[in-house]
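Asker: From the sequence below, what's the structure:
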Amino acid sequence: SFSLSSGINAEYGEFVLQRSCFATVMPRPSFKSTKTNRRHSSYVRSGIPSVVFTNVSNAECQCDCQMTEIGEVVQENGKKERVHDHSEAITPAPRKKRHSLPMPAVHHVLIAFIVLIVVATTVSLAFVLRPKNDPRSRPNILVIIADDLGYNDVGYRGQGDIRTPYIDKLASSSILLERHYAQPMCSPSRAAMFTGRYPFRYGMGGSRAIYYGTKNGLNLNEKLISEALNPNDQEKNYNTYLIGKWHLGFANWEMTPIRRGFDYFYGTYGGSTTYFEHQSYEGPRSGSGYDLFEDTPSSTGTRVNHTVVEDPSPGTFSELLFTEKAVEMIEKSSPNLEGGEQEKPFFMVVSYQNPHAPITPMEADVEQNKHIPNENRRKMAAMITSLDYGVGRLTSALEKTHQLNQTIIIFLSDNGGHLMMPNGQSLGSSNLPLRGAKCTLYEGGVKTPAFIRIPHFTSGQMNSSLKYEGLFHISDWFPTIMRLAQLDPDSLTGPSGEPIQLDGIDHSEAFRELLVSKEHRRNAQKPRDHVVLDIDPVFDQAAIVRGKYKLIVGRASFIGFDQVYPLINEDTEKSSDLVINSSFYRTDPNMGERMMQYGKIQEDYRQNSSRCRSLDCMSKDMALYDLGWDVTESRDLSLRFKDEAEQLYNLLRQYSNSTHYPVQPLYFEDSNPEAKTPDNVWTPWLFNNNSSVV
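Answerer: Coordinates of the predicted model:
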């Protein structure tokens, strides 16, 4: 039995015990059995836990301590909220005098430490040395995607006002990608990652997303990483899961995740939904509609078992739902738990909404960031606190199921932080010291936080992070994951049997060298020579990076996020005032007008039958920056270093010859009325004989 310091006897709580205490736990039946149970259990949180027990009905404390229930979920204003306890979860009572031990306590600690190292090393080596025909010889792969996470918005890289202890802890045993580039917006970045190819090659370049109710999406001829991991139905290598945001089209069932190689999907089809109500959030052009689904393949594999997920506790924050489902799938995949799917490793993408707009955090997370004076920044920090907790729970689930050292973990953001809405409203994100933001080709729009943890390269023993200085594009994850999964990305073929030409570059061997050979760390190989950031003849913008130089052609931004941060030094770099007082945080009354102007540019482009798709039809305006010393991209060197600028322009021009006409619709185009059911639920509406739903 146990007593709560609050005096409340809650049967379905989550309790955090200090390491000095031990509890014998009798689990309750699954919390899914009733709605009441779902209000507790995995929807509760604390600070960084030492030991976490969920679904507790009875705990016997083996030392003198008191337990405090934390994270009780309550109903407030129609929304589920979490109550934080910032004090210690357990307050140890005065220790009783113990009998002396046969040997000094330090010997116990030393022996325990040695045993722990031996066990961890043995487990990791056993994993690495399994025969290749053993289905579990391949590692689990967990990809965590943050949405619009600013370069300065994560603890291990930021100025310190936003605290992300879980992400930081994971990063501390990972390879930090110092030059990780994504696309400037959501859909193109996800397309690049899943296909291993530049998005402009198949019509998804530019700063445009796939909007609700439009018939466009990722080209069905493109092979996704989820399909490549299982090249044929007879030989399945991975169980593939996508949890969270899809955002690559859903007009036809063939476009949805289950028909694109995933075995399981739980999340949203579109790109922007409200966090509590799960309604689309894109303004009048699409209207609102419910977007939260659970899909699996049918028994024949030709249909989609489609379920509209009813929020079990109406008003539950989406991160809580996504994290809970991901933890559930991790536990099911464990060979160490009863009922675990032991025969296959998993490839899981957990694609969070956080901290994408709308910025509507849970009050408990806002309270955790009350040290931040600026309201917009404080709310943004709260959104990231939620993301951080999700990462912590995923890591804890892997550790609990003894899969942490058999799982490669990748963390990244899909683009830079989003600084303001079209109406000029500040969102509180920061890409300091980088110039620009989401939707721009400046560093603040495309250079993102990212790292990878590869435990089996080091037998799970890595005490500090390592920095990888090589150029890395988000499309590189495709071939790198394939190699880490012991598969050959060069053997992939398209729908007609033709070889697939990837733009992504494999970095797995460079990572291995960095981890296992200290002699080569300084001179580790850098497989990628250059990165094409984008080519968009519609909005007249393109950019390329090679070495320390970056060339921007035409506009760097189609909506005006082109201000330059003040030059920084060691004294001002950590000042949040520099962020809050920058021009990004001021209302821009011309933003809406500019958006309409560029909407008209795109419409005119579509009406022009001789649509030019190369750099030849773009303006010849260009800027060259030396990123080695000018991180703010404030000094144009194109006239001073004309040869370098010309070389980069010609290289970019070669790529532009393969630019495909954009598939995205007009920014203000209305959605198809058939894209929603009579109950106002988004749904695929274009059907053919090969795609149906059950």
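Asker: May I see the buried residues of the one helix or strand residue 397 maps to?
Answerer: Assigned by DSSP states H and E, residue 397 falls within helix 375-400. Using 16 or more other C-beta atoms under 10 Å as the burial criterion, the residues of helix 375-400 that qualify are 376-398, 400. For glycine as for every other residue, the C-beta is placed from the backbone atoms N, C-alpha and C.
Asker: before we move on, what about stretch 529-541?
Answerer: Result for stretch 529-541 [16+ other C-beta under 10 Å]: buried residues 530, 531, 532, 533, 534, 535, 536, 537, 538, 539, 540, 541.
Asker: Pull the most distant pair out of those residues.
Answerer: 530 and 538 (23.1 Å; C-beta to C-beta).
Asker: For stretch 419-437, what does the pLDDT average out to?
Answerer: For stretch 419-437, mean pLDDT is 81.
Asker: Compute the number of surrounding residues for residue 526.
Answerer: 16 (other C-beta atoms under 10 Å).
Asker: coming back round to it: just after the helix holding residue 397, pick out the following helix or strand.
Answerer: Scanning onward from helix 375-400 (DSSP H and E), the first element met is strand 407-413.
Asker: what comes up buried for that next one?
Answerer: 407, 408, 409, 410, 411, 412, 413.
Asker: Same check on stretch 468-479?
Answerer: For stretch 468-479, by 16+ other C-beta under 10 Å, it's 468, 470, 471, 472, 473, 474, 475, 476, 477, 478, 479.
Asker: what is the mean pLDDT for stretch 210-219?
Answerer: Stretch 210-219 comes out at a mean pLDDT of 87.
Asker: just the CA coordinates of it, formatted as PDB?
Answerer: Taking Å, rounded to 0.1, in the frame of the first residue of the first chain, the C-alpha atoms of stretch 210-219 are listed here in PDB:
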ATOM      1  CA  ILE A 210       0.200  20.300 -49.800                       C
ATOM      2  CA  TYR A 211      -3.000  21.900 -48.500                       C
ATOM      3  CA  TYR A 212      -6.200  20.300 -47.300                       C
ATOM      4  CA  GLY A 213      -8.700  19.300 -50.000                       C
ATOM      5  CA  THR A 214      -6.400  19.700 -53.000                       C
ATOM      6  CA  LYS A 215      -5.800  16.800 -55.300                       C
ATOM      7  CA  ASN A 216      -2.000  17.100 -55.400                       C
ATOM      8  CA  GLY A 217       0.500  15.000 -53.500                       C
ATOM      9  CA  LEU A 218       3.800  13.200 -53.600                       C
ATOM     10  CA  ASN A 219       4.300  11.500 -57.000                       C
END
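Asker: Residue 248 and residue 210 touch, don't they?
Answerer: Yes. Taking C-beta atoms under 8 Å as the definition, residue 248 is a contact partner of residue 210 at 6.3 Å.
Asker: coming back round to it: report all helices and strands that the helix holding residue 397 contacts.
Answerer: strand 140-146, helix 165-171, helix 318-332, helix 363-368, strand 407-413, helix 576-580 (3 or more C-beta pairs under 8 Å, 6 or more residues apart in numbering; DSSP states H and E).
Asker: Using JSON lines, lay out the ones you listed together with mean pLDDT and distance to residue 672.
Answerer: Formatted as JSON lines, those follow (pLDDT from 0 to 100; distance: least, C-beta to C-beta, whole Å):
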{"stretch": "strand 140-146", "mean pLDDT": "98", "distance to residue 672": "28"}
{"stretch": "helix 165-171", "mean pLDDT": "96", "distance to residue 672": "39"}
{"stretch": "helix 318-332", "mean pLDDT": "96", "distance to residue 672": "25"}
{"stretch": "helix 363-368", "mean pLDDT": "97", "distance to residue 672": "36"}
{"stretch": "strand 407-413", "mean pLDDT": "98", "distance to residue 672": "31"}
{"stretch": "helix 576-580", "mean pLDDT": "43", "distance to residue 672": "40"}
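Asker: Which of the ones you listed sits closest to residue 348?
Answerer: strand 140-146 (5.2 Å).
Asker: List the strands paired with that closest one, with their directions.
Answerer: strand 346-351 (parallel), strand 407-413 (parallel) (DSSP bridges).
Asker: which stretch among those strands comes nearest residue 155?
Answerer: Using C-beta to C-beta, the nearest of those to residue 155 is strand 407-413, at 12.4 Å.
Asker: could you give the angle of that closest one to helix 375-400?
Answerer: 170 degrees (axes from the mean of the first three to the mean of the last three C-alpha atoms, to 10 degrees).
Asker: Go ahead and name everything in contact with strand 407-413.
Answerer: For strand 407-413, the external contacting residues (C-beta atoms under 8 Å, 6 or more residues apart in numbering) are 139-150, 167, 170-171, 174, 177, 180, 182, 391, 395, 398, 448-456, 474, 477, 481, 484.
Asker: go on, stretch 168-176?
Answerer: In contact with stretch 168-176 (C-beta under 8 Å, 6+ apart) are residues 48, 154-156, 391-392, 395, 409, 411, 450-455, 462-468, 511, 514-515.
Asker: Quick one: mark the members of the residues you listed that sit in strands.
Answerer: Mapping these onto strands (DSSP state E) picks out 409, 411, 450, 451, 452, 453, 466, 467, 468.
Asker: distance of the fourth one from residue 192?
Answerer: Distance, residue 451 to residue 192, by C-beta to C-beta, to the nearest Å: 18 Å.
Asker: ok, back up a step: what's the closest of the buried residues of strand 407-413 to residue 370?
Answerer: Out of those, the member with the shortest distance to residue 370 (by C-beta to C-beta) is residue 413, at 25.1 Å.
Asker: Name whatever forms a beta bridge with that closest one.
Answerer: residue 146.
Asker: Can you get me a residue count around residue 363?
Answerer: Using other C-beta under 10 Å: residue 363 sits among 15 other residues.
Asker: separation between it and residue 319?
Answerer: Residue 363 is 14 Å from residue 319, where distance means C-beta to C-beta.
Asker: Which residue ranges of the chain form helices?
Answerer: Listed in chain order, the helices of the chain (DSSP state H) span 35-38, 105-128, 165-171, 186-195, 225-228, 318-332, 363-368, 375-400, 443-446, 477-484, 508-516, 576-580, 591-607, 642-656.
Asker: which stretch in those is the model least sure about?
Answerer: Taking the mean pLDDT of the helices of the chain, helix 35-38 comes last: a mean of 31.
Asker: can the helices and strands packed on helix 375-400 go into JSON lines with extra columns for distance to residue 675?
Answerer: As requested, the helices and strands packed on helix 375-400 are arranged in JSON lines below (distance: least, C-beta to C-beta, whole Å):
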{"stretch": "strand 140-146", "distance to residue 675": "25"}
{"stretch": "helix 165-171", "distance to residue 675": "36"}
{"stretch": "helix 318-332", "distance to residue 675": "21"}
{"stretch": "helix 363-368", "distance to residue 675": "33"}
{"stretch": "strand 407-413", "distance to residue 675": "29"}
{"stretch": "helix 576-580", "distance to residue 675": "39"}
